[in-house]
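[1] how would this look folded up:
(one chain, ligands or ions: 1)
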Amino acid sequence: MQVAIVYDSGFGHTAKQAQAVAEGVNRAPGVEAKLIAVADGDISWETLEASDAIVFGSPTYNGSVSARLKKFMEDSTRPAFLPQKWRNKIAAGFTNSGAMHGDKLNSLISMTLFAAQHGMIWVGLDMFPGHSAEEPNRVGGWLGALMLQKVNEKALRVGVVLIGVALTIGLFVKAQ
Ligand SMILES: Cc1cc2nc3c(=O)[nH]c(=O)nc-3n(C[C@H](O)[C@H](O)[C@H](O)COP(=O)(O)O)c2cc1C
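    Below is the predicted model of the structure:
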């Protein structure tokens, strides 16, 4: 199985999240993560079509996904949306921002709506909120992974690697 992680990152924080999700995905036997940074240009629509799941990641900029991730979404219209190439694939998402709340939820909602328009099946985090900065899901959301930019490195790694594992388990469950 293949899980594509499509993300944007202006200053490297979301890139770290993407790496950690990939690490989590790669821990599952028989599952391979493919990282796709939208800033690298030419999107491999073939890789996305060949993936069983697509995870979307973006920093929260001005209360929504970054302009580069939005461009990717719009660019998917012809290669993926119109022919519904991603129908029934698993989808999930992650974001981070500077403020604890920072309107991050709106970024996940944008990704969820985008996935719904593609006929995808959204998998939430399925993780209870952590109660300290050392625990995963400290920001305390369910729709996807919400991270605080200045969270300590240990919590980021533990939290996001777990998210990768959770997404992969979701993938297996839905695939059965
Ligand atoms: C243009 C811009 C808009 C931003 N808007 C928000 C925002 O709405 N809410 C927030 O909490 N942080 C906001 N931030 C802070 C970023 O979300 C935060 O620095 C994030 O970790 C950046 O991720 P990146 O390093 O992957 O680009 C903004 C930063 C920039 C540059």
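
[2] Packing partners of the one helix or strand Leu113 maps to?
    Using DSSP states H and E, Leu113 sits in helix 104-117. Judged by 3 or more Cβ pairs under 8 Å, 6 or more residues apart in numbering; DSSP states H and E, the packing partners of helix 104-117 are strand 53-59, strand 90-97, strand 121-122, strand 145-148. Any C-beta I mention is one placed from the backbone N, CA and C, and that applies to glycine too.

[3] What separation do you get for Gly130 and the ligand?
    19 Å (Cβ to the nearest ligand atom, to the nearest Å).

[4] mind listing what the residue in the chain positioned nearest to the ligand touches?
    Relative to the ligand, the nearest point of the chain is Gly102 (2.2 Å; Cβ to the nearest ligand atom). Gly102 is in contact with 60, 63, counting by Cβ atoms under 8 Å, 6 or more residues apart in numbering.

[5] quick one: which helix or strand includes it?
    With DSSP H and E as the test, Gly102 turns up in no helix or strand.

[6] Pull out the buried positions in the host helix or strand of Ala20.
    Using DSSP H and E, Ala20 falls within helix 13-27. Residues 13-22, 24-25 are the ones in helix 13-27 that count as buried (16 or more other Cβ atoms under 10 Å).

[7] Tell me the helix or strand right after that helix.
    strand 32-37.

[8] Could you tell me which strands that next one is paired with, and in which direction each runs?
    Counting by DSSP bridges, the strands paired with strand 32-37 are strand 2-7 (parallel).

[9] Identify the residues contacting the partner strand?
    14-15, 17-18, 21-22, 25, 31-38, 43, 47-48, 50-58, 69, 72, 167-168, 171.

[10] Let me know the average pLDDT across that strand.
    Looking at strand 2-7 alone, the average pLDDT works out to 96.

[11] beta partners of the closest residue to Phe11 other than its chain neighbours?
    Sequence neighbours aside, Pro59 is the residue nearest to Phe11 in space, at 7.5 Å (criterion: Cβ to Cβ, 6 or more residues apart in numbering). Beta-bridge pairing of Pro59 under DSSP bridges involves Asn96.

[12] Reformat the buried residues of helix 13-27 as TSV; add pLDDT and distance to Phe94.
    Converted to TSV, these look like this (pLDDT from 0 to 100; distance: Cβ to Cβ, whole Å):
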residue	pLDDT	distance to Phe94
His13	91	11
Thr14	93	8
Ala15	93	11
Lys16	89	11
Gln17	89	5
Ala18	93	8
Gln19	91	11
Ala20	88	9
Val21	90	6
Ala22	92	11
Gly24	88	11
Val25	90	12
